[in-house]
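# My questions concern the predicted model and sequence given below.
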Amino acid sequence: MRDKTRIISLAVAFIAGIWLIDVIVDLYLFKDKPFLQVVSISAFVTFLLDHLFLLVLLIAGFSLFTLIIMKILTQKNMIEKALQKAHGELEIRVQERTVKLANVNEKLLDTILACGEYRARAAAVHTITNLRDHVRDFKGRMAAAISDTHPRVRLEAIRGVSFIDSPDAVGIALKAVDQELDYWLAYTMEHTLHALKPHWQAADPNLLLANSTEAAKKYLERHKKMAGPGGIALKPIEIAENVDAPKSERMGAIRELAKLKGGKHQRGEAVFKQVCSACHMVGKLGKKFGPDLSDIAARMKKEEMLTSILMPNDKIAKGYETISVLTIDGDTHAGFILKETDDTLSLGIANAKQVDIPQDDI
């Protein structure tokens with residue numbers, strides 16, 4: 001129906017275009033003559049004869065145009081029928097091949113899994129995964145392969161576990177984190193955990209991973225954060241907080257964080273109340289122990305604020321430099337000077353506490 005509509009539309013457009021050209025030509029040729037005049041039959045016949053060539057051209061062009069469109073549509077229908085036939089034949093061949101492959105030689109697969117060539121073991125795990133509906137103890141085979149000594153075999157096992165639709169599949173997959181994960185292992189693990197999300201999303205990790213290592217539990221917790229709100233910021237935050245990383249990398253991560261958009265100020269306020277308000281103030285919220293942050297947006301750019309949070313020792317506000325005081329009793333106090341008199345030195349220490357040290361004891 002659509003093809004016929006297109007043909008009619010194109011034909012009408014073609015005829016209208018020819019007619020418009022004819023009108024423009026007439027206007028140009030008879031621009032100095034009146035439009036309304038009494039004409040005789042002979043004059044009308046003469047007019048038609050003068051335009052006979054144009055009429056023939058119009059009819060011929062329309063006929064040619066129609067023939068071309070019909071030929072294209074015919075070829076299109078033939079191609080579609082040929083593709084449908086080929087698709088049907090392909091489905092039949094795939095079904096026949098699947099029936100043949102269903103007769104799995106499990107003894108041969110087990111022999112290959114026990115061999116010393118990691119490529120062969122990886123291929124066997126890959127094959128078992130593809131034929132999982134025709135192999136006994138698919139879950140057990142994946143659980144064994146997930147601890148293989150070679151990363152290529154473990155990768156195939158991680159992929160295979162993604163097809164296990166049960167809660168214990170999460171623990172099986174996370175066995176792989178007990179060994180080093182390279183880029184491709186981590187990539188495959190991410191997709192496997194995504195496939196298993198219905199099993200870990202609302203589950204208690206202590207119950208779900210009761211028999212797993214602490215490394216496995218931490219990995220799942222990190223994956224949850226990565227998959228949740230603000231997950232895109234997790235990696236650069238980890239780099240920026242890593243004191244062992246080169247400063248150039250840490251600053252690069254902070255610049256990446258500064259470019260991120262989104263977020264909600266209500267969540268920021270909740271974080272400030274929980275983490276920062278013990279030492280800082282914003283408006284009337286918090287304690288005036290450390291620097292007042294009420295006008296922080298006017299004093300610092302976003303990168304500078306992030307640097308102060310993630311690299312607090314990079315630049316310390318004047319008057320808040322940390323000092324260490326050793327007393328005659330051997331006690332050490334670290335903090336910044338709140339006030340000092342001839343008799344007492346008052347230090348601001350952690351958790352917004354104040355310690356007063358007699359000058360004679362220093």
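Arrived safely, thanks for sending.

# Now for this protein: which strand has the highest residue count?
strand 332-340 (DSSP state E).

# what about M226, distance to L234?
With distances defined as CB to CB, to the nearest Å, the gap from M226 to L234 amounts to 5 Å. For every residue, glycine as well, the C-beta is placed using N, CA and C.

# I254 reaches K301, doesn't it?
No - between I254 and K301 there is no contact, the gap being 11.1 Å when judged by CB atoms under 8 Å.

# Compare these two (neighbour count), which wins?
Residue environment comparison for I254 versus K301 gives the larger neighbour count to I254, 23 against 10, counting by other CB atoms under 10 Å.

# Next, the contact list for the more buried one, please.
For I254, the contact set (CB atoms under 8 Å, 6 or more residues apart in numbering) comprises P236, A240, E303, L306, T307, L310, M311.

# Mean confidence (pLDDT) on the helix or strand hosting the fourth one, please.
In this case it means L306. Element membership of L306, judged by DSSP states H and E, is helix 302-310. Per-residue pLDDT over helix 302-310 has a mean of 85.

# Show me what it is packed up against.
Helices and strands touching helix 302-310, as assessed by 3 or more CB pairs under 8 Å, 6 or more residues apart in numbering; DSSP states H and E, comprise helix 234-241, helix 247-258.

# how about these in CSV, adding mean pLDDT?
As requested, the helices and strands packed on helix 302-310 are arranged in CSV below (pLDDT from 0 to 100):
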stretch, mean pLDDT
helix 234-241, 88
helix 247-258, 90
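
# How far does the helix holding L306 sit from its chain's centre?
Taking CA atoms, centre = their mean, to the nearest Å, the mean C-alpha location of helix 302-310 is offset from the chain mean by 26 Å.

# and the next element down the chain from that helix?
Secondary structure here is assigned by DSSP H and E; on that basis, the next helix or strand after helix 302-310 toward the C-terminus is strand 323-326.

# so what secondary structure elements neighbour that next one?
With contacts taken as 3+ CB pairs under 8 Å, 6+ apart, strand 323-326 sits against strand 332-340, strand 344-349.

# and those, which is most packed in?
Each of those was given a mean neighbour count from mean count of other CB atoms under 10 Å, and the largest, a mean of 16, is that of strand 344-349.

# want to throw the helices and strands packed on strand 323-326 into CSV with mean pLDDT and distance to G268?
What follows is the helices and strands packed on strand 323-326, written out as CSV (pLDDT from 0 to 100; distance: least, CB to CB, whole Å):
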stretch, mean pLDDT, distance to G268
strand 332-340, 76, 26
strand 344-349, 79, 25
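
# quick one: buried residues of whichever strand or helix holds A143?
With secondary structure defined by DSSP H and E, A143 is part of helix 138-145. For helix 138-145, the neighbour count (16 or more other CB atoms under 10 Å) marks F138, K139, R141, M142, A143, A145 as buried.

# Next, find the distance separating the residue nearest the centre of the chain from Q266.
The geometric centre of the chain, computed from its C-alpha atoms, lies nearest to I232 (CA atoms, centre = their mean), at 8.7 Å. From I232 over to Q266 the distance is 20 Å, taken as CB to CB.

# now swap in N211 and tell me
39 Å.

# now do G171
Applying CB to CB to G171 and Q266 gives a distance of 36 Å.

# Which one's more surrounded, these two?
Ranked by neighbour count (other CB under 10 Å), G171 and Q266 place G171 first, with 22 against 7.

# A216 is in contact with that one, correct?
Yes - in this structure, G171 sits in contact with A216. The criterion is CB under 8 Å, and the distance is 7.2 Å.

# Now do the shared contacts for these two.
Residues touching both G171 and A216 (CB under 8 Å, 6+ apart) are L209.

# mind checking which helix or strand the residue nearest to L181 when sequence neighbours are not counted is in?
Using CB to CB, 6 or more residues apart in numbering and skipping the chain neighbours, the partner closest in space to L181 is M189 (6.7 Å). With the criterion set as DSSP H and E, the secondary-structure element containing M189 is helix 183-195.

# Repeat that for I158.
Short version: I158 belongs to helix 151-161, going by DSSP H and E.

# Need the residues that contact that helix.
By CB under 8 Å, 6+ apart, the residues outside helix 151-161 that reach it are 118-119, 121-122, 125-126, 128-129, 132, 138, 142, 145-148, 169, 172-173, 176, 179-180, 182, 184-185, 188-189, 192, 196.

# Recalculate using a threshold of 7 Å.
Under the contact criterion CB atoms under 7 Å, 6 or more residues apart in numbering, helix 151-161 has outside partners 118, 121-122, 125-126, 128-129, 142, 145-146, 148, 169, 172-173, 176, 182, 184-185, 188-189, 192.

# Following the chain past it, name the next helix or strand.
Proceeding N to C from helix 151-161, the next assigned helix or strand is helix 168-174, under DSSP H and E.

# Summarise which helices and strands that next one is packed against.
The criterion is 3 or more CB pairs under 7 Å, 6 or more residues apart in numbering; DSSP states H and E, and the helices and strands that helix 168-174 contacts are helix 151-161, helix 183-195, helix 197-200, helix 214-227.

# For D50, give me the pLDDT.
61.

# coming back round to it: just list the residues touching the residue nearest to L181, thanks.
M189 is in contact with I158, A173, A176, L181, counting by CB under 7 Å, 6+ apart.

# Number of residues surrounding the last one?
A count of neighbours around L181, defined by other CB under 10 Å, yields 18.

# before we move on, what about the second one?
Here the number of neighbours of A173 (other CB under 10 Å) works out to 29.

# Skipping its backbone neighbours, what lies nearest it in space?
The shortest distance from A173 to any residue other than its chain neighbours is 4.4 Å, reached at V161 (CB to CB, 6+ apart).
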